[in-house]
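Q: Give the three-dimensional model of this entry:
(one chain, ligands or ions: 1)
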Amino acid sequence: MDAIYNNIQDSISKGEKLLAILIDPDKFSVDKALYFINKVNKSIATHIFVGGSSVNEGLTEDLVSEIKKHTKLPVILFPGDVTQITNKADGLLFLSLLSGRNPEYLIGKHVRAVSKLKDSSLEVIPTGYILIESGKISAVEQVTETKPISRNNVQHILDTAKAGQLLGMKLIYLEAGSGAKYGLTKEIIKAVKNELQIPLIIGGGLRTKLQIENAFEAGADIVVIGTAFEEDESFFDELLK
Ligand code: 1GP
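A: Numbers count the residues shown, from 1 in each chain. Okay, the predicted model is just below:
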């Protein structure tokens, strides 16, 4: 039943690194899906994440349905809101924003999600989501009305990630914010990875192959890339299988 999560763990045990392409339904037209997903299929990407901080209702379901027609990769929801939950996907990152102190994003929206998840076949993966300050105000910060953790306060980042694991979360997602000025440093990634026994996702502001490799080298199990492909699809050519 936990195929996505088990496959992530299998890959990690074999030393394989995982790359998720993030598609934001608000910035992406369904007409482009076939062309774009063909590029994803030819690349080293292993997962497709779909979601955004603010997405109009219905867009996610239409887009996920279209994506599913063209790929065998797992399609996982990365929702900014309950309205983005759709059964058409394979999995759902059930995100709790641990860096913030807004109860809506810690537990409120989750309670409202339950009725949508009734009879759902989505694989729900509890995920501790931690926003780190990265040179500009991120959409997550604006929408959730929470402050990111300072990138200089590594101990607080570590304690937050560890608290997520102790609460039973199955993944920790360290987020610099979409289009961040600076991606997360190797030092932060390494320090958090050393604290955790659960897989670590890293995303935000990564735009080059070297930055992706550095994140993997520092200990990221899954790297998420969104903006780099939105801005320049030729980036896929650097990431061919
Ligand atoms: C955003 O971590 C993801 O939530 C990806 O960030 O768009 O900067 O690649 P980018």
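Q: for the ligand, what are the nearby residues on the chain?
A: Taking Cβ under 6 Å from any ligand atom as the measure of proximity, the chain contacts the ligand at 22, 175, 178-180, 203-206, 224-228. Yep, even glycine has a C-beta here, placed from its N, CA and C like the rest.
Q: Dump those residues into JSON lines; add pLDDT, distance to Lys109 and neighbour count as well.
A: Below are the residues of the chain next to the ligand laid out as JSON lines (pLDDT from 0 to 100; distance: Cβ to Cβ, whole Å; neighbours: other Cβ atoms under 10 Å):
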{"residue": "Leu22", "pLDDT": "98", "distance to Lys109": "19", "neighbour count": "22"}
{"residue": "Glu175", "pLDDT": "98", "distance to Lys109": "17", "neighbour count": "24"}
{"residue": "Ser178", "pLDDT": "96", "distance to Lys109": "19", "neighbour count": "20"}
{"residue": "Gly179", "pLDDT": "96", "distance to Lys109": "23", "neighbour count": "17"}
{"residue": "Ala180", "pLDDT": "97", "distance to Lys109": "23", "neighbour count": "23"}
{"residue": "Gly203", "pLDDT": "98", "distance to Lys109": "20", "neighbour count": "26"}
{"residue": "Gly204", "pLDDT": "98", "distance to Lys109": "21", "neighbour count": "26"}
{"residue": "Gly205", "pLDDT": "97", "distance to Lys109": "25", "neighbour count": "23"}
{"residue": "Leu206", "pLDDT": "97", "distance to Lys109": "27", "neighbour count": "24"}
{"residue": "Val224", "pLDDT": "98", "distance to Lys109": "20", "neighbour count": "23"}
{"residue": "Ile225", "pLDDT": "98", "distance to Lys109": "25", "neighbour count": "24"}
{"residue": "Gly226", "pLDDT": "97", "distance to Lys109": "21", "neighbour count": "24"}
{"residue": "Thr227", "pLDDT": "96", "distance to Lys109": "24", "neighbour count": "20"}
{"residue": "Ala228", "pLDDT": "96", "distance to Lys109": "28", "neighbour count": "22"}
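Q: Strands of this structure, residue ranges please.
A: 18-23, 47-50, 75-77, 91-97, 123-131, 171-175, 200-203, 222-225 (DSSP state E).
Q: Report the angle between the first one and strand 91-97.
A: Relative orientation of strand 18-23 and strand 91-97, computed by axes from the mean of the first three to the mean of the last three Cα atoms, to 10 degrees: 80 degrees.
Q: pLDDT weak spots in this protein?
A: By pLDDT under 70, the weakly predicted segments of the chain are 1.
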